[in-house]
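J.: One predicted model, sequence on top.
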Amino acid sequence: MYKNLVGRAVLACAAACFFFSPAFSQTQSPKAPLKIGFVYVTPVTDAGWVRQHEEGRKAVDAALGGKVQTTYVENVAEGADAERVIRDLAQQGNTLIFTPSFGYMEPTLKVAKDFPEVKFESITGYKTAPNVATANARYYEGRYLAGIAAGRMTKTNIAGYVAGFPIPEVLQGINAFALGMRSVNPAAKVHVVWLNEWFDPPKERDAAMALFDRNADVVAFHTGSTAVMAAAQERGRMAVAYHSDMRKIAPDAQIVAVTHQWGGYYTQRAKAVLEGSWKSGNLWGGVREGMIRVGDFGTKVPKAVQDEVLARQKDIAAGKLQPFRALAADVRDNEGHVVIAKGVQLNDEQILKMNWLVEGVQGRVAR
């Protein structure tokens with residue numbers, strides 16, 4: 001009996017030692033997920049700039065599952081509010097933070113100095129730091145392709161463009177759109193309305209209506225809501241969707257959509273943090289990298305036009321077509337100055353500093 005008691009005691013001790021061994025608990029305890037924060041400049045809506053970044057966040061969750069824990073804060077104004085929110089996310093233990101708005105660049109850099117162990121991704125920013133990377137997309141490539149579709153579809157040869165702010169990114173889009181239109185329709189003109197707002201649905205709608213009143217039968221935009229698409233649907237005109245496919249809002253008006261695809265980049269950067277290989281950098285990706293895609297044609301667009309646009313998209317991906325390259329003649333701005341000499345292609349630095357409007361665009365840029 002004594003031996004049986006001893007045997008039982010030994011077994012009990014072995015079991016206790018096994019289950020409560022510090023070494024065992026360290027190897028078996030699950031690794032805490034990587035906490036990732038996102039800051040959005042507008043509310044999360046059904047379509048638009050923020051919607052595409054929200055789809056990117058969801059793509060990270062889908063790809064990495066329990067390895068990550070993502071969260072977001074929406075409708076954060078650029079400036080002091082942004083700094084407060086970004087700082088809060090860092091204090092809450094998020095070690096990777098995405099800040100997708102140009103006006104978040106300086107607040108991101110400021111917070112990053114105080115949290116050197118946190119990795120920050122400044123989307124559309126251009127200033128880096130050891131723990132701050134930047135990324136942007138070549139939206140102008142999609143704009144050029146949309147311009148081809150608009151140039152084929154217009155009957156009045158007048159397109160409207162509702163624009164947020166006259167910064168290089170917006171100017172690139174307007175100019176690429178006009179060059180795309182005029183590559184297939186030399187008589188085409190583009191009328192621009194500046195809002196000095198990124199997200200103001202009533203103002204966006206009013207601007208679109210004013211452009212329709214000026215005989216524009218197709219309109220594009222660089223703002224954050226779906227108001228321009230809804231206005232086109234209401235007036236029986238055509239429109240180019242931006243950021244997202246907006247056929248739910250404008251099933252009859254949409255001719256094509258320029259969509260932004262962030263899921264691949266966001267997932268890649270989260271994986272890099274998990275693997276310990278994250279490094280600061282500056283990516284400017286476009287059609288070739290899968291960050292910009294043109295498609296989602298409306299029912300009124302003939303197959304021949306769809307095929308032409310998709311063929312040109314393949315040309316851009318293959319490096320055969322560059323929107324800011326002058327082939328047959330000099331490219332001039334709308335004041336008559338040569339801005340791209342025949343045979344010349346603008347380099348990235350020149351594109352990033354763009355401060356002019358191309359011939360065929362009605363509007364001015366303050367210099």
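T.: Ah, there it is.
J.: In this structure, where is pLDDT below threshold?
T.: Low-confidence segments of the chain (pLDDT under 70): 1-30, 367.
J.: Try it again at 80.
T.: Low-confidence segments of the chain (pLDDT under 80): 1-30, 366-367.
J.: Name the residue closest to the centre of it, please.
T.: The chain has His260 as the residue nearest its centroid, 4.9 Å off, counting by C-alpha atoms, centre = their mean.
J.: Beta-bridge partners for it, please?
T.: Following DSSP bridges, His260 is listed with bridge partners Ile292.
J.: Quick check: buried residues in stretch 153-168?
T.: 153-154, 157-166 (16 or more other C-beta atoms under 10 Å). All C-beta spots, glycine's among them, are computed from the backbone N, C-alpha and C.
J.: What is the nearest of the residues you listed to Gly295?
T.: Using C-beta to C-beta, Met153 is the member of the buried residues of stretch 153-168 that lies nearest Gly295, at 15.3 Å.
J.: Quick check, that closest one in contact with Arg237.
T.: No - with contacts counted by C-beta atoms under 8 Å, Met153 stays clear of Arg237, the gap being 10.6 Å.
J.: what ranges do the strands span in the stretch 151-300 of the chain?
T.: 158-163, 189-194, 218-222, 238-243, 254-260, 282-285, 292-295 (DSSP state E, counting those that start in this stretch).
J.: Please identify which of the ones you listed is closest to Asn334.
T.: Here strand 189-194 is closest among those (C-beta to C-beta), at 9.7 Å.
J.: Please name every helix or strand in contact with the closest one.
T.: strand 158-163, helix 168-184, helix 201-213, strand 361-362 (3 or more C-beta pairs under 8 Å, 6 or more residues apart in numbering; DSSP states H and E).
J.: Name the residues that touch stretch 165-175?
T.: Here stretch 165-175 makes contact (C-beta atoms under 8 Å, 6 or more residues apart in numbering) with 102, 124, 136, 139-140, 143, 161, 163-164, 190, 192, 194, 196, 198, 220, 222, 324, 351-358, 361, 363, 365-366.
J.: Give the residues shared as contacts by Met153 and Arg237.
T.: Counting by C-beta under 8 Å, 6+ apart, the shared contacts of Met153 and Arg237 are Val218.
J.: give the contact list for Val132.
T.: Contacts of Val132 (C-beta under 8 Å, 6+ apart): 108-109, 112, 120-122, 125, 280.
J.: Using neighbour counts, trim those residues to the buried set.
T.: Using 16+ other C-beta under 10 Å as the burial test, the contacts of Val132 include 108-109, 112, 120-122, 125 as buried.
J.: Now for the residues you listed: which two are most distant?
T.: Among the buried ones among the contacts of Val132, Leu109 and Glu121 lie farthest apart (C-beta to C-beta), at 12.2 Å.
J.: who touches the nearest residue to Pro43 once chain neighbours are set aside in this structure?
T.: In space, and not counting its chain neighbours, Pro43 is closest to Asn75: 4.7 Å by C-beta to C-beta, 6 or more residues apart in numbering. Applying C-beta under 8 Å, 6+ apart, we find Asn75 in contact with 40-43.
J.: Neighbour count, secondary structure and distance to Asn185 added to those residues, as CSV?
T.: Rendered in CSV, the data for the contacts of Asn75 read as follows (neighbours: other C-beta atoms under 10 Å; DSSP: H, G, I helix; E, B strand; the rest coil; distance: C-beta to C-beta, whole Å):
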residue, neighbour count, secondary structure, distance to Asn185
Tyr40, 23, coil, 37
Val41, 22, coil, 35
Thr42, 19, coil, 34
Pro43, 13, coil, 37
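J.: Nearest to Asp206, out of the residues you listed: which one, please.
T.: Thr42 (18.3 Å).
J.: My read is that that closest one contacts Gln52, right?
T.: No - Thr42 is not in contact with Gln52 according to C-beta under 8 Å; the separation is 11.7 Å.
J.: Quick check: chain neighbours aside, which residue is closest to Leu93?
T.: Actually, residue 93 is Gly rather than Leu. Nearest residue to Gly93, sequence neighbours excluded (C-beta to C-beta, 6+ apart): Lys35, at 5.2 Å.
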